[in-house]
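> fold the following for me, if possible:
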Amino acid sequence: MSILRITKYGEPILRQKLKPVDYHQIAPQLPALLKDMEETCLAVRGVGLAANQIGLPLRLAVILLPGEKEEDPPTKYVIINPEIISKRGEKTEEEGCLSLPGLWADVKRFTDVTIQYLDENGQPHTKRARGLLAKAFQHEVDHLDGKLFIDLVDPKLKPEVKKAIKKLRENWN
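Predicted structure coming up:
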């Protein structure tokens, strides 16, 4: 298992819309890849990590929802070829991203989403989510579509966000 390098804002792979993967083609590498992605996400205290955030052009992500208590293990979702099929409600909340470390901004997200995906065993799922899971699904699917949370920031705040990114980038590895 390894902690992987996370791609940062400005790296081209973060803006690529990733094509669906052939599950059977990637299945042999999945166990090791998913372990590394999970370990990386936990090491940086993230909730989710998309494959393009570690430099891989694969349409898959892991989501690790924190347990109710700090000692509880996270609830893990592996989403391969995810697509959001319905969206309801809206809420503006603060959000951050592992590819923009140190930056937080208010963004509007749907409060209730339904997503279709394959799990790590290639089994299809349809899952309705609310709260943090709905937010995480949207954030990771956006990554796989080449979008970042800063694209959702109120246009009036974009100059401030750009200024903050410029300052933060000086400390990124």
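> find the residue at the geometric middle of this protein.
For the chain, the residue whose C-alpha lies nearest the mean C-alpha position (CA atoms, centre = their mean) is residue 140; its distance is 2.9 Å.
> and it, helix, strand or coil?
helix (DSSP: H, G, I helix; E, B strand; the rest coil).
> need the contact list for it.
Residues in contact with residue 140, defined by CB atoms under 8 Å, 6 or more residues apart in numbering, are 48-50, 61, 63, 79, 82. Placement of C-beta: from N, CA and C, glycine included.
> so what's the residue of the chain positioned farthest from its centre scoring on pLDDT?
Of all residues in the chain, residue 156 sits farthest from the chain's C-alpha centroid, using CA atoms, centre = their mean; the distance is 24.9 Å. Looking at residue 156, its pLDDT reads 94.
> pretty sure it sits in a helix.
Yes - assessed with three-state DSSP, residue 156 lies in a helix.
> strands of this protein, start to end?
In chain order, the chain shows strands spanning 48-50, 60-65, 75-88, 91-96, 104-109, 112-118, 124-130, with DSSP state E as the criterion.
> ranking those by burial, who's on top?
Between those, strand 48-50 has the highest mean count of neighbours, a mean of 27, where neighbours are mean count of other CB atoms under 10 Å.
> now for residue 89, how many residues are close by?
11 (other CB atoms under 10 Å).
> on that earlier part again, okay, and the beta partners of the residue nearest to the residue nearest to the centre of the chain when sequence neighbours are not counted?
Excluding its sequence neighbours, the residue lying closest to residue 140 (CB to CB, 6 or more residues apart in numbering) is residue 61, at 3.9 Å. On the basis of DSSP bridges, residue 61 is bridged to residue 50, residue 79.
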